[in-house]
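Engineer: I'll drop the sequence and a predicted model, then ask my questions.
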Protein chains: 2
Amino acid sequence: MTEKSSPTEPIHARGGSGATIADVAQAAGVSVATVSRALSGNYPVAKATRERIFRSVTDLGYVANAHARALAGATTRTVGIIINDVADPFFAYIARGVERQASAEGRMCLITATHGDKERELALVDLMREQRTDAVILVGGASDDPRYRKQMADRARALDAAGSSLVLCGRPSLGPGVPTKMVTYDNEGGAFAITDYLISQGHRRILYVGGPRDFSTTASRLAGFYRALDARGIERDPALVHEGAFGRGFGYSRMRELLDQDVDFTAVFGANDLVAAGILEALEERGIRVPQDVSVVGYDDVPVASELRPRLTTVRVPLEELGREAVRLALSQSPHDAGASSDNTLTVGTHIVIRDSVSPPSKP
Amino acid sequence: MTEKSSPTEPIHARGGSGATIADVAQAAGVSVATVSRALSGNYPVAKATRERIFRSVTDLGYVANAHARALAGATTRTVGIIINDVADPFFAYIARGVERQASAEGRMCLITATHGDKERELALVDLMREQRTDAVILVGGASDDPRYRKQMADRARALDAAGSSLVLCGRPSLGPGVPTKMVTYDNEGGAFAITDYLISQGHRRILYVGGPRDFSTTASRLAGFYRALDARGIERDPALVHEGAFGRGFGYSRMRELLDQDVDFTAVFGANDLVAAGILEALEERGIRVPQDVSVVGYDDVPVASELRPRLTTVRVPLEELGREAVRLALSQSPHDAGASSDNTLTVGTHIVIRDSVSPPSKP
DNA sequence: CTAGAAATAGTAAGCGTTTACTATGGAGAA
DNA sequence: TTCTCCATAGTAAACGCTTACTATTTCTAG
């Protein structure tokens, strides 16, 4: 890379900190209003003038100050998304969808993570409100603490009043009359389907492992699980359901404990694929073969599912699509859900994907 | 959730869109300056007054307008990070580190993705400049196109002039005299170590698969690979190195092709873990056992590596730490690299982690 | 007592845009 | 020729906040 500085060298031509629109105006010999108009192109500017302005812009390396612009009334063209953890694939894929759709619609994307802290989640919503984002998308299950719900509802109203909107992605409504938009997936249906599949293979004693208690996602998956049991007339056995957490570590350690306790079962339903991965690991460690000795299923169909050996039979959730829809909904002009449920709730389907981790039970 | 509206119901008390500081001032019967000071706490305000103000703030659900604040001179308290793809674990873990460190230092985090498009990358840097972020962190390898480098160098200067800074994370310098900060990891060293390990196990014909050609990351890994070969006096064979892409799909399809061509080799070095996963899949499909028939290694030590069967021997890169360091460096007051290399370049180490995918070759 | 230092509050000048209004030439119409 | 109407360009008023100055009190010390 040579140090020869070409005559068209832009951007750092000016010594000081960032050029302002006034600098551009001066350089081009026009008023700031004219520059602003030439740049936004929503008002006629003579061709010669416009060209002079653009030349000055590149010469000075000018970029508009987004804050001044936002302050002066124009929209921020930014959508905020709040997730649990960037490195969790479940969230990462949703975030990718949001990010892609946002940029398809000419928006930036502000991603923040709560790391499971409810207080932090509320604070982050406020932070996005400070940023005046066009919408804030809240992703993932929620706990059903009524105080929390009330606080979030307040924020939904505040956002709504400010012309923005709160989009709930994969979590339950905040209650009637709270102005939110929602995009969800058929959590209960997927759980039903995969449980039913297990039953159809002959399983009767199915362990359910993982997912925080009192958490909306857990509740729906469990609901589908129970419905499938009920539909086939299989008795619910409380000793078989073990809530806890969504991580791989939880699946591993809880499975070990259960193995130690000699619980009787022929299949395990991991609350998500990560938990299932942990379960598989514990099983492998004890020399229990999957699916010959025990069948295992997961939920989400995150890439690990097909990485595992045996490849995991699981429920496919169109994560990226979920994120895209959230943005579409957020940016659409459709009115909020102001009581009567309307088309601002969107549900995408789920379906099971059958791989190698399930077979009929060996000891029927 | 009842609809009874309690007397302390906040936030939406006001009908209009977001309350301003003036509203709060009026409600509390003081001037806006006093409110501003009570909120930022950098100037004495009588206790009684302060309490009155805070009450009004909660009553009105006031949150400061971040843009007005930024415009009025306060810092934006935001750092920008530009990555390839949110859903790629390599980037996701770095992003997590950035996100965590940023919030530890009281910053928000603006995450955007290029999806491998260089033009878009440049545009995103400008976008962050518009946002006046405290720093922009550019993650991942770069192509060595001189025109691109020059354009990025211009932006580095512009950012620097504006009091922000450009942090290069895991990518080579933009050249001497360009004001950037850098945090990298020992790419070449890791590649050397793992290649040497393969050689020490008796392998002589090692395939190198993956990574875009003319890409800094590929160049360093290949350099380490070659250095290890040279050190042991093994001849470089161009027929054994197959650049291409970083995805799992590439590893799979290229491995299939190579298998069809009957190339002679006993081990494969996947340019990263994803490529290695694809390689493993292709091998498994052909009934070739790993490590008995062929040994395989990867790079990065992303979670998939331990998910795979056999568990992958790979090079550990402290991804999250990398992200954290990038933020620390970005926010530290250390002067930029203005020529003489100084302590604003930080290199974190890599080391190999041995798992189950390597053994001595069966046909020596 | 009284000058001078805190402590506390208010005034008002920006920060960099956007945009409603106003001004200035011509060009075409009457 | 005079009046209207476009096409352009400029003026200046927000936007909501921070902060340098200035103005009051209230102490404290001499």
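Structural biologist: Everything's here; your move.

Engineer: Can you pull the residues of the stretch 51-200 of chain A lying near DNA strand D?
Structural biologist: Applying Cβ under 7 Å from any atom of the strand, we find that the stretch 51-200 of chain A lies next to DNA strand D at A:Ala68, A:Leu71, A:Ala72, A:Gly73. The way it works is simple: take the backbone N, C-alpha and C, and place the C-beta from them, glycine included.

Engineer: So what's the residue count around the last one?
Structural biologist: Counted with other Cβ atoms under 10 Å in any protein chain shown, residues neighbouring A:Gly73 total 6.

Engineer: quick one: low-confidence parts of chain A?
Structural biologist: A:1-17, A:334-343, A:363-364 (pLDDT under 70).

Engineer: thinking again about what came up before, who wins on neighbours among the residues of the stretch 51-200 of chain A next to DNA strand D?
Structural biologist: Sorting those by how many neighbours each has (other Cβ under 10 Å) puts A:Leu71 first, at 19 neighbours.

Engineer: what's the distance between that residue and DNA strand C?
Structural biologist: 4 Å (Cβ to the nearest atom of the strand, to the nearest Å).

Engineer: Not counting sequence-adjacent ones, nearest residue to that residue?
Structural biologist: B:His67 (4.6 Å; Cβ to Cβ, 6 or more residues apart in numbering or on different chains).

Engineer: then the helix or strand harbouring that neighbour to CSV, C-alphas only?
Structural biologist: Using DSSP states H and E, B:His67 sits within helix B:66-71. Extracted C-alpha coordinates of helix B:66-71, given in CSV (Å, rounded to 0.1, in the frame of the first residue of the first chain):
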residue,chain,number,x,y,z
ALA,B,66,-31.0,9.6,23.7
HIS,B,67,-30.7,11.6,20.5
ALA,B,68,-31.1,14.9,22.1
ARG,B,69,-28.7,13.8,24.8
ALA,B,70,-26.2,12.7,22.2
LEU,B,71,-26.7,15.8,20.2
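
Engineer: Which helix or strand lies directly C-terminal to that helix?
Structural biologist: Sequence order places strand B:78-83 as the next helix or strand after helix B:66-71, per DSSP H and E.

Engineer: From the contact counts, what lies against that next one?
Structural biologist: Packing partners of strand B:78-83 (3 or more Cβ pairs under 8 Å, 6 or more residues apart in numbering or on different chains; DSSP states H and E): helix B:89-104, strand B:108-113, helix B:118-131, strand B:135-139, helix B:319-331.

Engineer: right, and these - which one's nearest DNA strand C?
Structural biologist: With Cβ to the nearest atom of the strand as the measure, helix B:118-131 is the member of those nearest DNA strand C (8.5 Å).

Engineer: So which bits of that closest one are buried?
Structural biologist: By neighbour count with 16 or more other Cβ atoms under 10 Å in any protein chain shown, helix B:118-131 contains the buried residues B:Arg120, B:Glu121, B:Leu122, B:Leu124, B:Val125, B:Asp126, B:Leu127, B:Met128, B:Arg129, B:Glu130, B:Gln131.

Engineer: any idea how chain A splits into domains?
Structural biologist: A:1-64, A:78-185+A:319-348, A:187-318 (automatic domain parsing).

Engineer: so which of the ones you listed comes closest to B:Arg236?
Structural biologist: Closest approach to B:Arg236 among the domains of chain A (Cβ to Cβ): domain A:1-64, 28.0 Å.

Engineer: State the phi and psi torsions of the nearest residue to A:Arg132 once chain neighbours are set aside.
Structural biologist: Closest residue to A:Arg132 apart from its sequence neighbours, by Cβ to Cβ, 6+ apart: A:Thr76 at 5.0 Å. Dihedral pair for A:Thr76: phi -80, psi -20, per degrees, to the nearest 10.
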